[in-house]
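Participant: structure, please.
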Amino acid sequence: MNITENLQNLINKLAGASPTSQKSFKWLVLAALVLFVITILVFLFGGNSFSERNFTVELKGPQQALSGDEVTYTLVYKNNTDTALSNLKFRFFYPEESVVIRADGFTHDSSEALDIKTLKPGESGEKEFKAFLIGDKGNIKNARVELVYQAGSIRSTFRKTSSVNTTIVSLPVPLTLVAPPSAVKGQTVTYMLDYRNESKADIADLQFEFAYPDGFSITKTNPQPAQGNNIWKSDLLRDGQGARITITGVLTGNERDSKMVSVVLKRKIGNDYIDYEKATSSTTISSPLLSVNVLANGSENYSAVVGDTISYTIQYRNASGYNLPGLTLESKLEGDMYDISTLDTNGGYYDGRTGTITWNASSLQNLANLAPGTGGKVDFRIRLKPAFSGGALGAKNFFVKNTATLSTVNVPTGVEGEEVATESSLITKISTQPSLNMVLYYNDPNFGSSGTFPMQVGQETTFTVHWRLTNPGNDISGAVVRATLPAGVTWKNVVSAGTGQGEPTFDRNKSEVVWNLGTLPFGAGTTPTFKYEASFQISLIPSETQRGTPPILVRNISLSGVDSFTKQSIVSSVPEANTNNLVDRPGEGVVQ
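Facilitator: Residues are numbered from 1 along each chain as shown. All right, here's what the predicted structure looks like:
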């Protein structure tokens with residue numbers, strides 16, 4: 001008996017039943033029809049059920065990284081469904097500016113494909129993607145994966161995505177690339193790159209590659225490039241070591257053009273140089289109506305020292321044929337080494353929130369209406385802090401910056417724009433101030449004592465000299481400590497120094513003690529574990545003419561070298577020392 005016959009029997013029974021029974025049977029018949037339809041639908045379509053959420057795709061990667069770090073992204077996928085998946089097409093997108101690491105080398109590809117023909121129920125897999133991340137501190141680098149696939153016999157396609165963000169938290173070698181904010185067409189401009197190794201380790205085989213804007217013609221560089229006119233190399237950049245690259249040339253272009261200069265720091269891995277960090281800066285071709293210039297202690301190339309007083313001069317001029325009324329002159333001070341409490345604004349108003357000094361017609365009368373071809377200047381003074389700021393020195397502590405802006409909103413008829421303005425910036429580097437301290441002992445803790453004390457005429461007494469160095473700032477190259485021994489003082493050839501620091505030697509022809517250090521590194525002597533100290537012994541047999549006096553033991557003591565960042569010569573001197581200057585027997589050095 002089939003379903004149709006069953007339905008017919010129900011109808012016949014319904015015809016001979018009471019009205020109430022007939023009504024009940026009608027509902028039973030309707031329910032049977034609904035169940036019948038559901039059964040047919042399940043039979044036709046229910047055999048290939050698929051739950052998309054049970055197919056997992058996840059992209060894993062680091063949340064933080066240094067610029068230039070090698071990072072690994074891992075794609076993990078698993079088919080937890082009861083359905084076979086087919087034609088899986090993954091597309092992985094690398095973060096912007098990444099250098100992709102492949103088995104055969106490095107590329108700048110933006111994406112990579114992974115195709116899988118079939119993924120059976122319960123099957124899983126993973127795939128790694130490696131790259132060097134490039135960016136500035138605070139940049140968020142996004143990597144993502146996109147997938148298109150099919151499930152079982154279902155004709156439509158499915159999609160999945162997953163992504164991970166990585167924040168650049170630090171730069172091993174911070175780059176400060178400075179370009180003038182504005183320049184007149186045909187003006188000589190200077191690009192300056194300051195860099196310093198803050199990675200806490202020496203870095204070898206670095207390369208700086210510049211990209212210049214269109215319309216820039218080089219006239220001078222310092223130092224000379226290693227290759228062409230845009231590549232500089234550093235074979236070894238020690239921890240804390242820094243330097244500057246200066247490029248001067250003529251910039252041309254149309255008014256309001258933005259001219260960008262960039263530098264990519266690369267490091268050598270294997271036989272290839274790969275991108276490590278990047279910095280950019282730009283100059284706008286400005287109206288030649290106004291000009292402004294900044295000098296520090298009368299120079300554009302002045303190098304300061306800690307505790308120094310800088311006298312700034314801002315020169316300004318109306319280079320146009322218009323009368324320019326209502327001018328404002330501003331000077332923005334940037335840098336942790338300024339001691340703002342010493343600022344003398346010379347009539348200007350200092351806004352501590354923005355670090356800006358402002359002058360207007362109330363303090364500089366010709367700013368009320370600057371006639372064509374006329375100009376003026378304003379001077380102000382500020383002192384630098386007596387020591388480098390903070391316990392951990394950063395690149396920003398080794399220079400200060402002053403940016404001057406001259407502007408007016410009174411734009412002459414026929415001149416485009418809402419204001420007439422010009423800017424000029426000056427960066428002043430701050431030199432190291434290393435110190436040399438000399439200590440004399442009769443009874444040295446390490447060498448002990450020898451001879452009589454107080455000293456006796458005709459009897460030999462031995463002394464120990466300690467030289468202690470401190471360098472809180474830039475590396476000092478060619479560092480050497482010198483001193484002379486007076487007649488009657490004898491070199492005993494007993495010396496001691498820290499590992500890798502060399503030892504003092506004695507030149508008998510000059511009666512000179514020389515401690516040749518080579519490089520006095522940044523941070524030397526600033527912590528108990530980073531001492532720079534040498535000691536040596538000398539002796540004296542006092543003569544009759546020295547009776548009743550404290551004889552001089554060491555004189556002409558000095559530390560000299562060259563600041564590796566500012567290229568300034570450094571000299572630090574110590575007063576001559578006599579036998580009254582002993583730390584363990586002070587004031588007892590008179591010969592008996």
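
Participant: contacts, neighbours, all on C-alpha from now
Facilitator: OK.

Participant: can you give me the first-to-last residue distance of stretch 306-326?
Facilitator: In stretch 306-326, first residue to last residue: 38 Å (C-alpha to C-alpha, to the nearest Å).

Participant: distance of residue 586 relative to residue 294?
Facilitator: Separation of residue 586 from residue 294 (C-alpha to C-alpha): 52 Å.

Participant: mind checking which of those two has more residues around it?
Facilitator: residue 294 (25 against 13; other C-alpha atoms under 10 Å).

Participant: quick check, the more buried one in a strand?
Facilitator: Yes. Using DSSP: H, G, I helix; E, B strand; the rest coil, the assignment for residue 294 is a strand.

Participant: next, count neighbours for the residue lying closest to it once chain neighbours are set aside.
Facilitator: For residue 294, ignoring the flanking residues on the chain, the nearest one in space by C-alpha to C-alpha, 6 or more residues apart in numbering is residue 314 at 4.7 Å. Residues near residue 314, counting by other C-alpha under 10 Å, number 22.

Participant: same check on the one 3 residues further on?
Facilitator: The local packing count at residue 317 equals 19, with neighbours defined by other C-alpha under 10 Å.

Participant: what about it, which SS state?
Facilitator: Classified using three-state DSSP, residue 317 is strand.

Participant: what's near enough to touch the nearest residue to residue 243 once chain neighbours are set aside?
Facilitator: Spatial nearest neighbour of residue 243, chain neighbours left out: residue 565 (4.7 Å); criterion: C-alpha to C-alpha, 6+ apart. Going by C-alpha atoms under 8 Å, 6 or more residues apart in numbering, residue 565 touches 241-244, 429, 431, 474-475.

Participant: and what of residue 450?
Facilitator: Applying C-alpha under 8 Å, 6+ apart, one finds that residue 450 lies in contact with 442-443, 461-463.

Participant: and those, which is closest to residue 188?
Facilitator: For these, the closest approach to residue 188 (C-alpha to C-alpha) belongs to residue 463, at 60.3 Å.

Participant: just checking, residue 268 touches residue 233?
Facilitator: No. Under the criterion of C-alpha atoms under 8 Å, residue 268 is not in contact with residue 233, lying 10.6 Å apart.

Participant: need the residues touching each of those two.
Facilitator: With C-alpha under 8 Å, 6+ apart, residue 268 and residue 233 have common neighbours 205-207.

Participant: neighbour-wise, which of the residues you listed leads?
Facilitator: residue 207 (22 neighbours).

Participant: and it, that's in a strand?
Facilitator: Yes. Residue 207 sits within a strand when classified using three-state DSSP.

Participant: in the sheet, who's paired with it?
Facilitator: residue 233, residue 266 (DSSP bridges).

Participant: same question, residue 334
Facilitator: Residue 334 forms beta bridges with residue 401, as assigned by DSSP bridges.

Participant: neighbours around the closest residue to residue 309 other than its chain neighbours, how many?
Facilitator: Nearest non-adjacent residue to residue 309, counting by C-alpha to C-alpha, 6+ apart: residue 383, 4.1 Å away. Residues lying near residue 383 (other C-alpha under 10 Å) number 19.

Participant: quick check: residue 383 touching residue 336?
Facilitator: No. Counting by C-alpha under 8 Å, residue 383 stays clear of residue 336, with 11.9 Å between them.

Participant: list the residues that contact the spatially most central residue of the chain.
Facilitator: Geometric centre of the chain, nearest residue: residue 174, 1.9 Å, by C-alpha atoms, centre = their mean. Listed by C-alpha under 8 Å, 6+ apart, the contact set of residue 174 reads 195-198, 395.

Participant: okay, who's weakest in the residues you listed by pLDDT?
Facilitator: Across these, the bottom pLDDT score, 43, is held by residue 395.

Participant: circling back to that earlier point, helix, strand, or coil at the residue nearest to residue 243?
Facilitator: From three-state DSSP, the assignment for residue 565 is coil.

Participant: in the helix or strand hosting residue 56, which residues are buried?
Facilitator: Secondary structure from DSSP states H and E places residue 56 in strand 55-60. Buried residues in strand 55-60, counted by 16 or more other C-alpha atoms under 10 Å: 55, 57-60.

Participant: now swap in stretch 481-488 and tell me
Facilitator: Along stretch 481-488, these residues count as buried under the neighbour rule (16+ other C-alpha under 10 Å): 481-486.

Participant: output these as JSON lines; include the columns distance to residue 591, pLDDT and secondary structure.
Facilitator: Output for the buried residues of stretch 481-488, formatted as JSON lines (distance: C-alpha to C-alpha, whole Å; pLDDT from 0 to 100; DSSP: H, G, I helix; E, B strand; the rest coil):
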{"residue": "481", "distance to residue 591": "29", "pLDDT": "97", "secondary structure": "strand"}
{"residue": "482", "distance to residue 591": "27", "pLDDT": "96", "secondary structure": "strand"}
{"residue": "483", "distance to residue 591": "23", "pLDDT": "97", "secondary structure": "strand"}
{"residue": "484", "distance to residue 591": "21", "pLDDT": "97", "secondary structure": "strand"}
{"residue": "485", "distance to residue 591": "18", "pLDDT": "97", "secondary structure": "coil"}
{"residue": "486", "distance to residue 591": "16", "pLDDT": "96", "secondary structure": "coil"}
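
Participant: this completes my enquiry, with thanks.
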